[in-house]
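# okay, sequence plus prediction incoming.
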Amino acid sequence: MDKTASGWVSGFIGVLIFSGSLPATRVAVMDFDPIFLTAARAATAGILGLVLLIVLRAERPQRGDLFSLIIVALGVVVGFPLLTALALKHVTSAHSIIFVGLLPLATAIFGVIRGGDRPRPAFWLFSCLGSALVAGFALAQGGAASPLGDSLMLAAIVACGLGYAEGAALSRRLGGWQVICWALVLSLPAMLTLTLMTKPASFDGVGINAWIGLCYVSLFSMLIGFVFWYRGLALGGIAAVGQLQLLQPFFGLALAATLLHEQVSPVMIAVTVAVVFCVVGAKRFAKQNAHQEVAAE
């Protein structure tokens, strides 16, 4: 399997893992404070990341990589988790799909700005069309509107798109799993302190579902998913592979149908097929850089 194909496979696995993030966060914030949830998930993943770096004897990043790691940490370790946790106190996870549909476009834009990607014009056509399809489908599902919740989700998408693009560009030198682990370790002192400061006086009122949600976002959303995702972006191209995120809302609905026995409508299937078409079109017209040699193992 060549590097580009391997990148798309890794990106696809990452999207599957991330598909459960918003529902898990929604469940967790029912019993946990959003700030505690953000700090606890980052601290837990940071400790695991530190263990991985030590056991696998990962090479330390260069001084010049520090700025990029800070951007990654602010974007995906702190910014996106905190902003979405706060937003999901005001909007449903279904409503948040509207904004997840804009994430591929945000990632592509920052991929051009920070990662050096140069997609062809047709790429932007497919990207915008796919985003519009996802947003339109989400709007058609209904959901209570909240100006504050919507503003928080929009800010979360911007932070996440920047963190994705910056981390992917850095993964070309450090490797995918190393980038997220170093970003987590960089955030660890502050997140561990914040966890202790914001922890509830008692956990007696916390339900099992909230604990499961916390475990999922700590282990899968915060660490394992990024190992695959950054590797995929680095190998296959930030703008191109980033379009796989258009499928994320539909994976989430498919999981809900399987695990929660919710109905999957023919409209969902039709829109999913159209989005797949957009992903294929975006892949076809995404121009790859010649220097995309990656240390993403």
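Received, thanks. In this text, all values refer to a predicted model and were calculated from it rather than measured experimentally.

# low pLDDT regions in the stretch 1-150 of the chain?
In the predicted model, the stretch 1-150 of the chain carries pLDDT under 70 at residues 1, 94-95, 97-98, 115-117, 138-139, 141-145.

# same thing but 90
1-8, 19-27, 29-30, 57-59, 63-64, 85, 87-150 (pLDDT under 90).

# so where do the strands sit in it?
With DSSP state E, counting those that start in this stretch as the definition, the stretch 1-150 of the chain shows no strands.

# residue boundaries of the helices in it?
Counting by DSSP state H, counting those that start in this stretch, residue ranges of the helices within the stretch 1-150 of the chain are 3-18, 21-28, 34-55, 66-72, 80-87, 93-100, 103-114, 121-140, 147-174.

# can you tell which of the ones you listed is closest to Ala201?
Comparison of the helices of the stretch 1-150 of the chain against Ala201 by CB to CB identifies helix 34-55 as nearest, at 11.5 Å. Where C-beta positions appear, they are placed from N, C-alpha and C, glycine not excepted.

# tell me the angle of that closest one relative to helix 21-28?
In terms of direction (axes from the mean of the first three to the mean of the last three CA atoms, to 10 degrees), helix 34-55 departs from helix 21-28 by 120 degrees.

# on that earlier part again, the helices of the stretch 1-150 of the chain: which one's closest to Val271?
helix 121-140 (4.7 Å).

# tell me which residues of the closest one come out buried.
Going by neighbour count (16 or more other CB atoms under 10 Å), the buried part of helix 121-140 is 123-124, 126-131, 133-135, 137-138.

# cool, stretch 27-44 as well?
Under 16+ other CB under 10 Å, the buried positions of stretch 27-44 are 27-29, 31-32, 34, 36-44.

# and the buried residues of helix 121-140 as JSON lines, adding distance to Val227?
Output for these, formatted as JSON lines (distance: CB to CB, whole Å):
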{"residue": "Phe123", "distance to Val227": "26"}
{"residue": "Trp124", "distance to Val227": "29"}
{"residue": "Phe126", "distance to Val227": "27"}
{"residue": "Ser127", "distance to Val227": "25"}
{"residue": "Cys128", "distance to Val227": "29"}
{"residue": "Leu129", "distance to Val227": "30"}
{"residue": "Gly130", "distance to Val227": "25"}
{"residue": "Ser131", "distance to Val227": "26"}
{"residue": "Leu133", "distance to Val227": "29"}
{"residue": "Val134", "distance to Val227": "25"}
{"residue": "Ala135", "distance to Val227": "29"}
{"residue": "Phe137", "distance to Val227": "29"}
{"residue": "Ala138", "distance to Val227": "28"}
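
# list just the nearest of these to Pro266.
Phe137 (12.4 Å).

# from what I can see that closest one touches Ile269, true?
No: using CB atoms under 8 Å, Phe137 is not in contact with Ile269; the gap is 11.1 Å.

# give the contact list for Trp124.
Ala108 (CB atoms under 8 Å, 6 or more residues apart in numbering).

# distance of it from Thr84?
26 Å (CB to CB, to the nearest Å).

# repeat for Ala155
For Ala155, the distance to Thr84 - CB to CB - is 10 Å.

# ditto for Pro61
Pro61 is 27 Å from Thr84, by CB to CB.

# and these two? Which one has more around it.
Counted by other CB atoms under 10 Å, Pro61 and Thr84 do not tie: Thr84 has more neighbours, with 31 against 18.

# what ranges does the stretch 151-297 of the chain have for its helices?
Per DSSP H, counting those that start in this stretch, the stretch 151-297 of the chain carries helices over the ranges 176-198, 208-216, 225-236, 238-241, 248-260, 266-284.

# pull the CA atoms of the longest one into PDB?
As requested, C-alpha coordinates have been extracted for helix 176-198 and formatted as PDB (Å, rounded to 0.1, in the frame of the first residue of the first chain):
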ATOM      1  CA  GLY A 176       1.800  11.300  14.200                       C
ATOM      2  CA  TRP A 177       1.700   9.600  17.600                       C
ATOM      3  CA  GLN A 178       4.600  11.700  18.800                       C
ATOM      4  CA  VAL A 179       3.000  15.000  18.000                       C
ATOM      5  CA  ILE A 180      -0.200  14.300  20.000                       C
ATOM      6  CA  CYS A 181       1.800  12.800  22.900                       C
ATOM      7  CA  TRP A 182       4.200  15.800  23.100                       C
ATOM      8  CA  ALA A 183       1.300  18.200  22.900                       C
ATOM      9  CA  LEU A 184      -0.500  16.400  25.700                       C
ATOM     10  CA  VAL A 185       2.700  16.300  27.800                       C
ATOM     11  CA  LEU A 186       3.200  20.000  27.200                       C
ATOM     12  CA  SER A 187      -0.300  20.600  28.600                       C
ATOM     13  CA  LEU A 188      -0.100  18.100  31.400                       C
ATOM     14  CA  PRO A 189       1.100  20.300  34.300                       C
ATOM     15  CA  ALA A 190      -1.700  22.900  33.700                       C
ATOM     16  CA  MET A 191      -4.400  20.200  33.000                       C
ATOM     17  CA  LEU A 192      -3.400  18.100  36.000                       C
ATOM     18  CA  THR A 193      -3.500  21.200  38.300                       C
ATOM     19  CA  LEU A 194      -6.900  22.200  36.800                       C
ATOM     20  CA  THR A 195      -8.300  18.700  37.300                       C
ATOM     21  CA  LEU A 196      -7.500  18.800  41.000                       C
ATOM     22  CA  MET A 197      -8.800  22.400  41.400                       C
ATOM     23  CA  THR A 198     -12.200  21.700  39.700                       C
END
